[in-house]
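Enquirer: fold the following and give me the result.
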Amino acid sequence: MNRRKAREYALQFLYRFDFVGSKRTRPKEDSLKAEFRVFMTESGVKDRGAAEFAEAIIIGTMANIKEIDAELQKRTQKWKLSRMASIDRNILRIASYELLYRNDIPAAVSINEALEIAKKFSTSESASFINGLLDSIAKDSGK
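Expert: Numbers count the residues shown, from 1 in each chain. Predicted coordinates:
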């Protein structure tokens, strides 16, 4: 299983969800799982392990979205999350979920993966912005 690829699937799903499902801040887990399975089928993903890890990230992120967004908002003074690029916001959400709720994933791994994904999917300035926010969350969470 390729965990980076799984994180990329999670990012793509959450990015799409921002536009399609944005009226539902906390969808029910069953409907979220069903939507994700449709997304994975449409995307032609065959790696079951990556799909399962991506699903776990999505479910965990969405289950804790209000808390995650509050943590991010504390660190983005004078900048509302809604004004942030959707790609960056969702990279931050995924990595924040890992930092705050997944003790099985080291902070350095979560941050590094977020930075590599940002370099691939976002702008050249995004990586340093994302790094600063995630480093602050990691320090405050004791990881």
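Enquirer: what residue lies at the spatial centre of the chain?
Expert: With distances taken as Cα atoms, centre = their mean, the residue of the chain nearest its centroid is residue 94 (2.0 Å).
Enquirer: for the protein, name the helix or strand with the lowest mean pLDDT.
Expert: helix 29-43 (a mean of 83; mean pLDDT, DSSP states H and E).
Enquirer: ok, residue 129 - how many residues close by?
Expert: Look at residue 129: counted by other Cβ atoms under 10 Å, it has 18 neighbours. The way it works is simple: take the backbone N, C-alpha and C, and place the C-beta from them, glycine included.
Enquirer: let me redo that: residue 139
Expert: Using other Cβ under 10 Å, the number of residues around residue 139 comes to 11.
Enquirer: how far does the helix or strand hosting the residue nearest to the centre of the chain sit from its chain's centre?
Expert: Using DSSP states H and E, residue 94 sits within helix 86-101. Computed by Cα atoms, centre = their mean, to the nearest Å, the separation of helix 86-101 from the middle of its chain amounts to 4 Å.
Enquirer: re earlier: wait, isn't the residue nearest to the centre of the chain in contact with residue 12?
Expert: No - the criterion here is Cβ atoms under 8 Å, and residue 94 misses it with residue 12 at 10.9 Å.
Enquirer: give me every residue that touches residue 45.
Expert: By Cβ atoms under 8 Å, 6 or more residues apart in numbering, the contact set of residue 45 is 9, 51.
Enquirer: any idea whether it is helix, strand or coil?
Expert: Residue 45 falls in the coil class when you classify it by DSSP: H, G, I helix; E, B strand; the rest coil.
Enquirer: before we move on, what about residue 124?
Expert: Three-state call for residue 124 (three-state DSSP): coil.
Enquirer: state the pLDDT value of it.
Expert: Residue 124 carries a pLDDT value of 79.
Enquirer: so where is this protein shaky, pLDDT-wise?
Expert: 21-27 (pLDDT under 70).
Enquirer: most remote residue from it's center?
Expert: Going by Cα atoms, centre = their mean, the residue of the chain most distant from its centre is residue 78, 22.1 Å out.
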